[in-house]
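Trainee: I would like the atomic coordinates for the input below:
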Amino acid sequence: MAFVSGIALGLSSAHMLKRTSRMGNAQLARFMPGPSQRRGVAVTTASQKRPYEGPGVAPSRNVIGGELHCCCAEVRDSGIGTGFFRDGFCSTGVDDTGRHTVCCEVTEEFLAFSKAVGNDLSTPIPQFMFPGLLPGDRWCLCAMRWQQAFVNGYAPKVFLRRTHEATLNYCKLEDLKKLSLDLEEATAEVDRLEEMRNALAKSVAMPDADTPAEE
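Mentor: So this is what the prediction gives:
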């Protein structure tokens, strides 16, 4: 059986229908690329896109506690976005048993390792909207597959702000940071979030015990 991003491609037609039937027309159009997208004309840019939301979909937060950023809205000129929902984000939900949550930039070494362990990510499989990956492509990898590659010394580098927080159930944040391509930006975002939390805490702080209550 073929594998894509660490989950068996035993995705039946019924399962694919289940995934798309939960989407409205706008999301469905984004999930199933139209003719203009197949010609390489992106309908939306990464900055305009929002992650798919629906029943059973986990909140869009990244591993540093901020808003999940887009990983790849379109792989090369394929008209296909990455992610379980093919919306460009490493979102996850109850149907995503493979946890496609790690936004990474694949390398030749990683692709060779992945193929060697039975997870061929280089061969396109159009019926499952999988374009096949080349070195330098960004893709939402299964968290367990990234961890497997990390242990064996072949893990691709990652984007912390684009990696879903569910990844932390399988991978350590410290390990992700070691191979982060956006550590500086992620650190700045963490600092900004901390400042916002501190400001909020001060605004709702209770008055000191010595402060007389207003009549």
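
Trainee: got the confidence number for the nearest residue in space to G136 that is not next to it in sequence?
Mentor: Spatial nearest neighbour of G136, chain neighbours left out: E105 (6.5 Å); criterion: Cβ to Cβ, 6 or more residues apart in numbering. In this view, the C-beta of every residue, glycine as well, is placed from N, C-alpha and C. Reading off the confidence values, E105 has pLDDT 98.

Trainee: G40 too?
Mentor: For G40, the model assigns a pLDDT of 32.

Trainee: also T101?
Mentor: 98.

Trainee: go on, D95?
Mentor: Per the predicted model, pLDDT is 94 at D95.

Trainee: now do the same for it: helix, strand or coil?
Mentor: Assigned state for D95: coil (three-state reduction, DSSP: H, G, I helix; E, B strand; the rest coil).

Trainee: quick one: it from R162, how far?
Mentor: 21 Å (Cβ to Cβ, to the nearest Å).

Trainee: more neighbours, these two?
Mentor: R162 (28 against 16; other Cβ atoms under 10 Å).

Trainee: the more buried one reaches H69, doesn't it?
Mentor: Yes - in this structure, R162 is within contact of H69 by Cβ atoms under 8 Å, at 4.6 Å.

Trainee: any figure for the gap between W139 and A166?
Mentor: Counting by Cβ to Cβ, the gap from W139 to A166 is 16 Å.

Trainee: any weak-confidence spans in the protein?
Mentor: The chain contains residues with pLDDT under 70 at 1-48, 206-215.

Trainee: all helices for it, in order.
Mentor: Along the chain, the stretches classed as helices by DSSP state H are 13-21, 25-31, 35-38, 108-116, 143-151, 173-178, 183-203.

Trainee: the last one: which residues count as buried?
Mentor: Buried residues in helix 183-203, defined by neighbour count with 16 or more other Cβ atoms under 10 Å: 183, 186, 189.
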